[in-house]
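Q: Quick one, fold the following:
(one chain, ligands or ions: 2)
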Amino acid sequence: MLRRLPDAVVNRIAAGEVVERPAAVLKELVENAVDAGAGRIDCALRAGGAAWISVDDDGAGIARDDLGLALERHATSKLADDDLVDIRTLGFRGEALPSVGAVSRLTITSRAEGAADAWRIAVDNGRIGAPEPAARARGTRVEAAGLFRAVPARLKFLKSARAEYLAAADILKRLAMARPGVAFSLEHDGRRAWASPTASDPLARLADVLGAEFAANSVAVALEAEGLCLTGHAGLPTWHRGTAQAQYLFVNGRPVRDRLLQGAVRAGYEELVPRGRFPVLALFLELPPDRVDVNVHPAKTEIRFREAGKVRSLIVSALRQALAEEGHRAAAPAMAPLMGRFRPGGGGGFGMGAAAAPPLALAERAAEWQGPLDPALPPSAPPPAPEAPEAAGLPLGAARAQLHDTYILAQTGNGVVLVDQHAAHERLVLERMRRALAAGPPPRQALLLPEVVELDEAGAGRLAAKAEELAELGLMLERFGPEAVLVRETPAALGETDVKGLVRDLADDLAEHGLALALKERLEDVAATMACHGSVRAGRRLGAAEMDALLREMEATPRSGQCNHGRPTWVELKLADIERLFGRR
Ligand code: ADP
Ligand code: MG
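A: Ligands and ions are numbered 1, 2, ... in the order given. The predicted structure is shown next:
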C-alpha cells in the first residue's frame with residue numbers, strides 16, 4: 001500500500017537531519033534571532049540542552065498571523081524570490097522550527113515590531129496549538145523542552161549533558177564571533193556560563209571567545225581581490241594547537257567547516273608551523289552571495305565556491321602577507337619571557353630565575369639558551385673590524401663571531417643578535433626552492449613502465465581535462481579508456497612515488513574544488529624535506545663572509561624569522577636589555 005506520510009512523521013524524519021542534537025537546535029534558534037536583527041541574544045540550556053533550550057532576542061518578532069505559518073515546513077520570510085542564488089540570511093530553508101517542533105515541546109512567544117500585544121503558540125511533538133495572548137517586549141523567545149523524548153532512537157545517541165553543553169557553547173561562540181555588534185549570553189543549569197557585550201572592534205569579540213592571549217599573539221589579516229574580501233586575525237605560527245578546532249572560518253558571516261578553506265590555511269602557514277599542529281585563527285570571507293552555494297547540506301556548514309581557485313589563492317596570499325610582515329620580528333617578543341631567565345647575581349644564579357613558562361613554543365628554545373656561554377671557546381672566525389660601519393643600518397647586524405659552531409653572534413645598531421645557523425639556512429633553502437617551483441615547471445622523470453590508474457569515469461574525465469595544468473607541475477598523464485588514466489612522467493622531485501595514490505588524491509581534489517591541490521602540496525612537502533637535508537648543519541664552521549652573507553639573505557627573505565618547523569631562527573638582545581641585566585639601568 002502506498003500512502004502519503006502525515007506531516008508529523010515527515011517532520012520527524014527531516015528533523016533528524018536538521019537538528020540531530022541540542023547544539024544544532026541552539027544553532028538554528030540563534031540564527032533565527034540574528035536574522036531577525038536582534039541586538040542581544042540570551043540563551044539558556046538545562047542538562048546540556050536535552051531537558052531545555054531557550055533563546056530570547058529583541059529582534060523584529062513574529063506577527064500573530066504568522067506564528068502558525070512559521071511552524072509549517074518550508075515556510076520562510078527570508079527568500080524574496082525563488083532561485084536560491086541571493087542568500088543573505090543565515091536561514092532560508094524554513095525547516096528549523098517545524099523540525100524542532102516535531103521532536104520537543106516547543107513554545108514561541110513573540111511580539112512583532114509595532115504590534116500592541118505579544119502572542120504565544122505551542123507545539124507538542126508535532127501537534128500545533130492555537131495562538132494565545134501573552135506579554136513581553138518586542139522580540140521573540142523560543143523554548144524547546146524535552147528534546148527527543150518522543151524519539152527514543154535519537155535520545156540514545158546523545159552524549160553526556162556536559163558533552164552536549166560544550167558542543168552547544170562552541171556553536172554559539174562561533175556564531176557570536178561573526179556578530180560583534182550583537183550582545184550574547186549563555187546560561188547552563190541556571191548559572192551564567194559565558195557572555196560577551198556588544199563590541200565595536202571585532203578583535204574584542206574574538207578575545208572574548210579565544211581568550212585575551214589571542215589578541216597579543218595574532219596579526220590582523222586584510223586582503224581584497226576581485227570582489228572577494230578576507231579579514232580577521234591569524235595566530236602567530238608559534239602559537240599552535242593539536243587540532244584544527246580553534247580555526248574559525250566564516251563565509252558571509254556563516255561559520256563553515258570546509259576542506260578547501262582548511263587546505264588554504266594550511267598552505268598559508270606552510271612550513272611555519274610544525275607538521276600536525278594547527279595555528280589558531282578567525283578568518284572572515286565575504287563575497288557576493290551568487291558566487292557561493294550554501295544550500296549543500298541542511299546544516300548549511302558546507303559550501304561550494306564558484307571560483308575555488310581564487311578563494312584559495314586569496315587566503316594563501318593574505319596569510320603569507322600578514323605573517324611575512326610579522327615574520328621578521330617574530331622572534332622579538334620571545335625576548336620578554338626570556339629576559340626573566342637572566343637574573344643578575346644571587347638567587348639561583350644565572351639562568352635559574354625563570355618562573356612561569358613562556359606561552360609560546362619558544363619556551364623550548366629559551367630553555368636551550370639558559371647556560372652561560374663558554375668564555376674559553378675562541379671564536380672560530382677572526383672578528384671583522386670592530387667599528388664596521390654597516391652594522392647600524394642592518395636589521396640583523398654585522399657578524400662578529402660564531403659560537404659553538406652553531407650560533408652566529410652579530411652586532412646591530414643597538415644590540416646583539418644570535419642566529420641559529422641551521423634553522424636559518426634551512427628556511428632560506430626552502431624559500432629558494434619555492435621560488436624555483438613558482439618560476440616554471442619542475443624537472444620530470446619518465447616512469448620505466450607507464451602506469452595505468454583505474455578511476456571512475458567522472459574522475460578520469462576531470463583529470464584528462466586538467467592534463468595541461470598537471471603537466472606544468474611535472475605530471476604527464478592522458479586518458480586511457482573510459483575509466484582510467486595513463487601516467488607517463490612524474491615530477492622528479494617526488495622521487496619514487498606512489499603514483500596511484502597521488503592520482504587518486506588529485507581526482508578527489510578536482511571533484512571537490514576543481515584544483516590539483518594534492519600535487520602542489522606534495523611538491524612543497526618534498527621541498528621542505530630537501531631543504532632540511534640540504535642545509536648547513538649545526539656544527540659547521542663558517543667564515544666571516546659566509547656568516548654575513550647568511551644574515552643579508554635572511555633580511556631579504558620573507559618568513560626568515562622562523563625555521564620550517566615554526567621555531568625562531570634568531571633572537572635579539574637590545575643594549576637596553578643588556579644594561580638592565582647588569583643593573584646599569
Ligand atoms: P528559516 O530560518 O529558514 O526561514 P525557520 O523554521 O528557522 O526557517 O523559521 C521560520 C520563520 O519563522 C522564519 O523565516 C522567520 O520568519 C520566523 N522566525 C523564526 N524565528 C524568529 C525570531 N527569533 N524572530 C523573528 N522571526 C523568527
Ligand atoms: Mg531558521
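Q: ok, now which ones touch the closest residue to ligand 2 within the stretch 301-450 of the chain?
A: For the stretch 301-450 of the chain, the residue closest to ligand 2 is Thr301, as judged by C-beta to the ion, at 14.0 Å. Every residue, glycine included, has its C-beta placed from N, CA and C. Applying C-beta atoms under 8 Å, 6 or more residues apart in numbering to Thr301 gives the contacts Arg254, Pro255, Val256, Arg257.
Q: what about Ala102, neighbour count?
A: 28 (other C-beta atoms under 10 Å).
Q: oh sorry, the question was meant for Gly211
A: So Gly211, with other C-beta under 10 Å, has 12 neighbours.
Q: State the pLDDT value of it.
A: What the model reports as pLDDT for Gly211 is 86.
Q: In the stretch 1-150 of the chain, what residue comes closest to ligand 1?
A: Closest contact between the stretch 1-150 of the chain and ligand 1, by C-beta to the nearest ligand atom, is at Gly91 (2.3 Å).
Q: okay, and the helix or strand of the protein with the least pLDDT?
A: helix 362-368 (a mean of 29; mean pLDDT, DSSP states H and E).
Q: Could you name the helices and strands sitting against the next helix-or-strand element following that one?
A: The helix or strand immediately downstream of helix 362-368 is strand 398-403, counting by DSSP states H and E. Packing partners of strand 398-403 (3 or more C-beta pairs under 8 Å, 6 or more residues apart in numbering; DSSP states H and E): strand 407-412, helix 544-556.
Q: Just checking: what are the partner strands of the next helix or strand after the shortest one?
A: It stands for strand 407-412. For strand 407-412, the succeeding helix or strand toward the C-terminus, using DSSP H and E, is strand 415-420. Paired with strand 415-420 in the same sheet, following DSSP bridges, are strand 407-412 (antiparallel), strand 570-574 (antiparallel).
Q: Okay, angle between whichever helix or strand comes after strand 415-420 and helix 544-556 too, please.
A: Per DSSP H and E, strand 415-420 leads on to helix 421-439 as the next helix or strand towards the C-terminus. On the basis of axes from the mean of the first three to the mean of the last three C-alpha atoms, to 10 degrees, helix 421-439 is oriented at 50 degrees to helix 544-556.
Q: helices or strands up against helix 421-439?
A: The contact analysis (3+ C-beta pairs under 8 Å, 6+ apart) places helix 421-439 against helix 517-533, helix 544-556.
Q: name the helices or strands packed onto the very next helix or strand once past that helix?
A: Going down the chain from helix 421-439, the next helix or strand is strand 444-454, by DSSP H and E. With contacts taken as 3+ C-beta pairs under 8 Å, 6+ apart, strand 444-454 sits against strand 484-491, helix 499-513.
Q: List the buried residues for the first one?
A: By that I understand strand 484-491. Of the residues in strand 484-491, Ala484, Val485, Leu486, Val487, Glu489, Thr490, Pro491 count as buried by neighbour count, 16 or more other C-beta atoms under 10 Å.
Q: can I get these in CSV with distance to Arg444 and pLDDT?
A: Shown next, in CSV, are the buried residues of strand 484-491 (distance: C-beta to C-beta, whole Å; pLDDT from 0 to 100):
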residue, distance to Arg444, pLDDT
Ala484, 21, 92
Val485, 16, 95
Leu486, 15, 95
Val487, 11, 94
Glu489, 4, 92
Thr490, 7, 87
Pro491, 6, 81
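Q: closest to Leu437 among those?
A: Nearest to Leu437 among these is Pro491, at 9.5 Å by C-beta to C-beta.
Q: show me what contacts that closest one?
A: Here Pro491 is in contact with Pro442, Pro443, Arg444, Gln445, Leu473, Gly474, Leu475, Leu519, Leu523 (C-beta under 8 Å, 6+ apart).
Q: Now distance to Gly190, pLDDT and neighbour count too, for the residues you listed, in a markdown table please.
A: A markdown table is the format used below for the contacts of Pro491 (distance: C-beta to C-beta, whole Å; pLDDT from 0 to 100; neighbours: other C-beta atoms under 10 Å):
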| residue | distance to Gly190 | pLDDT | neighbour count |
| --- | --- | --- | --- |
| Pro442 | 62 | 76 | 19 |
| Pro443 | 67 | 80 | 10 |
| Arg444 | 67 | 86 | 18 |
| Gln445 | 68 | 88 | 15 |
| Leu473 | 59 | 77 | 19 |
| Gly474 | 63 | 81 | 20 |
| Leu475 | 61 | 87 | 28 |
| Leu519 | 55 | 72 | 23 |
| Leu523 | 56 | 68 | 20 |
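Q: How is the residue of the stretch 1-150 of the chain closest to ligand 1 assigned, secondary-structure-wise?
A: coil (DSSP: H, G, I helix; E, B strand; the rest coil).
Q: Adding distance to Arg105, write the contacts of Pro491 out as TSV.
A: TSV is the format used below for those (distance: C-beta to C-beta, whole Å):
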residue	distance to Arg105
Pro442	63
Pro443	68
Arg444	66
Gln445	67
Leu473	58
Gly474	62
Leu475	59
Leu519	54
Leu523	57
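Q: Among those, which one lies nearest to Pro395?
A: Among the contacts of Pro491, and counting by C-beta to C-beta, the member closest to Pro395 is Leu523, at 31.2 Å.
Q: what number of residues lie near Glu431?
A: 21.
Q: Angles on the backbone of the residue lying closest to it once chain neighbours are set aside, please.
A: With C-beta to C-beta, 6 or more residues apart in numbering as the criterion, Glu431 has its nearest non-adjacent residue at 5.1 Å, and that residue is Thr557. Note on Thr557: backbone dihedrals following degrees, to the nearest 10 are phi -110, psi 130.
Q: before we move on, back to that, just give me the lowest mean pLDDT stretch among the helices and strands packed on helix 421-439.
A: helix 517-533 (a mean of 66).
Q: OK, contacts around the most centrally placed residue in the chain?
A: With distances taken as C-alpha atoms, centre = their mean, Gln247 lies nearest the centre of the chain, 2.9 Å away. Listed by C-beta under 8 Å, 6+ apart, the contact partners of Gln247 are Gln262, Val265, Phe278, Pro279, Val280, Leu281.
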